[in-house]
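1. turn this into a model:
(one chain, ligands or ions: 1)
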Amino acid sequence: MKSFEVQGLSVKIGEKEILTDLQASFPEGKLCAILGANGAGKSTLLKALLGWLKPTKGKVQLLGRPLSSYPRRERAQVLAYLDQTQTLPEDLTVEQLVGLGRPQTGVWLWGILPNPLSGTTPEDEEAVTWALHRTDTFRFKGRLVGELSGGEKQRVLLARALAAKPKVLLLDEPTNHMDIAYQADLIRLLKREVEKGLTVILVVHDLNLAALADHITLMHSGQVIQQGTPQDTLTPALLQETYGVQVDVVTHQGRQVVILRG
Ligand SMILES: Nc1ncnc2c1ncn2[C@@H]1O[C@H](COP(=O)(O)OP(=O)(O)OP(=O)(O)O)[C@@H](O)[C@H]1O
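-> Okay, here's the model as predicted:
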C-alpha cells in the first residue's frame, strides 16, 4: 500500500496557487525525501498531506482512505509532524515535552498548554519511555528543555513526534543547523524506525543526505517532476530541471554523490 496517494492536487494560499495539479505517491514503510528549490512548494505539500491546507482541487489518500475522511483525532494518531519553527516551552523537562506528543495530552486547546502531568495513562508513560529510548534521550529525561543544545533538542523533538506512535512521520528540514555528525545521527535514527515499519517523509536541502533515502520526490514550481529511487532521480538532467544548476553525479560505494560544477 502507499502511505500517500496524491492526484491532481492544487492548493492556494490567499489568491496565489502554490501547488498546481500535483501528482505523487509515497511508498509505505520507506524513507522518502522531498527535494526542490526554495519556494518550490515542499512545505506546502507537507501541510496539504497533514490536512492543514485544504486543496482547491484534487485528492489526497492516506493509507488507502481519503485524508478528509479521517476524524481529527485519528489523523493525529496516524500522522506526526516535526519542523524547525516550533517554539518550545523551555521550562518543561524533556520527559514532559515528549509527553506532549501523545495525542490526548498534547493537543493545544484554545492556545492553552495543557498540564503535562494531568491525565497521563500508563500507556502514555510507556510510549514516552519507549520514544526516549528510541532516540537515545532517556538519559536526559529530567533536564529542562531550555538547557539542551540544538542537536539534543532536535532529538527530543523527534522523541515527541514518535511518542504518538504514528504510522507516518513528516519532517520539514530536520537537519537545518545540525552539524554533519548530528545529521548522520538523525538519518540513522529515522532509518531504524523505518525498518520497524514507520513511513518517513522529509524535506531536505542536502542532496547527499537525500541520496540515503529509499525514495526521492523532485519538486519544481508547485509540481512534482519525478519520483523514484536515488538512482532514478539524482541525475544531472533532473537536478538541472529542479534547481537550474549544473551538477555531476558520481557513484561511490553504490550511492549517488552530487557535485556542483564549478
Ligand atoms: N502563508 C503564505 N502566504 C503567502 N505565500 C506563501 C505562504 N506560504 C508559502 N507561500 C509561498 O508559497 C511558495 C511555496 O512555499 P513553500 O514554503 O511551500 O516552499 P518550499 O519549497 O518549502 O521553500 P523553502 O525551501 O524556501 O522552505 C513560495 O513562493 C512562498 O512564498
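
2. make it CA atoms for all contacts and neighbour counts henceforth
-> OK.

3. am I right that residue 247 is in contact with residue 241?
-> No - the pair residue 247 / residue 241 is not scored as a contact, 11.0 Å apart, by CA atoms under 8 Å.

4. for the stretch 1-150 of the chain, what lies in contact range of the ligand?
-> Proximity of the stretch 1-150 of the chain to the ligand (CA under 6 Å from any ligand atom) is limited to residues 13, 18, 36, 37, 38, 39, 40, 41, 42, 43, 44.

5. excluding chain neighbours, what is closest to the fourth one?
-> Nearest residue to residue 37 in three dimensions, chain neighbours excluded: residue 243, at 5.4 Å (CA to CA, 6 or more residues apart in numbering).

6. which residues does the helix or strand hosting residue 194 contact?
-> Assigned by DSSP states H and E, residue 194 belongs to helix 180-195. Applying CA atoms under 8 Å, 6 or more residues apart in numbering, the external contacts of helix 180-195 come out as 29, 30, 31, 134, 135, 151, 155, 175, 200.

7. give me the low-pLDDT residue ranges for this protein?
-> Across the chain, residues meeting the criterion (pLDDT under 70) sit at 85, 104-119.

8. give me the neighbour count for the residue nearest to residue 68 when sequence neighbours are not counted.
-> Using CA to CA, 6+ apart and skipping the chain neighbours, the partner closest in space to residue 68 is residue 51 (7.4 Å). Applying other CA atoms under 10 Å, we find 17 residues neighbouring residue 51.

9. on the three-state scheme, residue 51 is what?
-> Secondary structure, DSSP: H, G, I helix; E, B strand; the rest coil: residue 51 is coil.

10. ok, of the residues of the stretch 1-150 of the chain next to the ligand, which one's closest to residue 71?
-> Distance to residue 71 across those (CA to CA) is lowest for residue 44, with 21.2 Å.

11. contacting residues around the closest one?
-> 18, 19, 53.

12. now list the buried members of these.
-> Neighbour-count burial (16 or more other CA atoms under 10 Å) applied to the contacts of residue 44 gives 18, 19.

13. can you tell me which of the contacts of residue 44 is nearest the ligand?
-> residue 18 (5.1 Å; CA to the nearest ligand atom).

14. where does the closest one sit: helix, strand or coil?
-> strand.

15. does the residue most central in space within the chain sit in a helix, a strand or a coil?
-> In the chain, the residue lying closest to the centroid (CA atoms, centre = their mean) is residue 171, at 1.8 Å. The three-state label given to residue 171 by three-state DSSP is strand.
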